[in-house]
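> Predicted model and sequence follow; I will ask about them next.
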Amino acid sequence: MNIIDTSSSPLIANEEEMIKNIPLFKIRPINYLLPEGIFTDVIFQSTASVKNFKNFEICNKKNIYTMGRSTKFILSSYGVESSCPTPPGSDELISLLGKNLSGRRFLIVKGVDGLNKIKEFLDENMAFSEEIICYERIELNNYNDLRSEFEYASAVIFTSVLSAKMYFKNIHSKDNDVTLFSISKRVKSEISQMGYESKIIDYFSDSLLDDIKKAI
């Protein structure tokens, strides 16, 4: 059995060498200026937003939020604890932020073309917010060498919409008998809109490998 994880920030162990990590895009850091002023809340929208952020000192004694468990896990490795919704997602995070936004000042850390739903929610509710754009995701120069890696895959795990888009654009073949897995409803929905079906998997399950085997 050959299982491929397309995450750019893999968190799962390569159990028995059966799960192989093959990212389908690159992350390019972007220099940014830290906005002036004091913020009460900081939101990290992705693992890459954490890895390309340089000013963790501002997180001290603040309300810190992450979009999901992957980002929460990476952020904790920098010594910063955060709250995240379960399941992950913008709507779920909005619920976690609560309705009492008066007097709060939000800093959102994200990438180019990152989700805007949190920012739009804060703007609609007259809450102060600013954004830091600290990275961009770019396509690989060549996907030809990767096709052979996926040719005999039994399962492919998608941790982002972009990885799914790159897979179907550059790699997928209808001749491949492969089971597709998504780590969130949003990724599953986007894959469905592209005309394919995927199964939601708990990316953080202690029995991930067994769960995948049972689902194939």
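Structure received.

> drop to CA atoms for contacts and neighbour counts, all remaining ones
Fine.

> who touches Ser154 in this structure?
By C-alpha atoms under 8 Å, 6 or more residues apart in numbering, Ser154 lies in contact with Met1, Asn2, Ile3, Asp177, Val178, Thr179, Ile216.

> again, only using 10 Å
Residues near Ser154 by C-alpha atoms under 10 Å, 6 or more residues apart in numbering: Met1, Asn2, Ile3, Ile4, Asn176, Asp177, Val178, Thr179, Leu180, Ile212, Lys213, Ile216.

> Please tell me how far the second one sits from Asn144.
Read it as Asn2. According to C-alpha to C-alpha, to the nearest Å, Asn2 stands 19 Å off from Asn144.

> which one of these two has more residues nearby?
Neighbours per residue (other C-alpha atoms under 10 Å) separate Asn2 from Asn144, with Asn2 holding more: 16 against 10.

> Quick one: residues contacting the closest residue to Leu93 other than its chain neighbours.
Residue nearest to Leu93 in three dimensions, not counting chain neighbours: Pro85, with 5.5 Å by C-alpha to C-alpha, 6 or more residues apart in numbering. Residues in contact with Pro85 (C-alpha under 10 Å, 6+ apart) are 65-69, 72, 91-97.

> ranking those by neighbours, who comes first?
The most crowded member of those, judged by other C-alpha under 10 Å, is Thr66 (30 neighbours).

> Is it correct that that residue is in contact with Pro88?
Yes: the pair Thr66 / Pro88 is scored as a contact, 8.9 Å apart, by C-alpha atoms under 10 Å.

> Need the buried ones from the contacts of Ser154 selected in PyMOL.
Only the buried members of the contacts of Ser154 enter the following PyMOL selection, criterion being 16 or more other C-alpha atoms under 10 Å:
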select buried, resi 2+3+4+178+179+180+212
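
> could the contacts of Ser154 go into CSV alongside secondary structure, pLDDT and distance to Tyr196?
What follows is these, written out as CSV (DSSP: H, G, I helix; E, B strand; the rest coil; pLDDT from 0 to 100; distance: C-alpha to C-alpha, whole Å):
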residue, secondary structure, pLDDT, distance to Tyr196
Met1, coil, 82, 22
Asn2, coil, 89, 20
Ile3, strand, 94, 18
Ile4, strand, 95, 17
Asn176, coil, 82, 13
Asp177, coil, 88, 13
Val178, coil, 94, 11
Thr179, strand, 96, 10
Leu180, strand, 97, 9
Ile212, helix, 92, 18
Lys213, helix, 90, 20
Ile216, coil, 89, 16
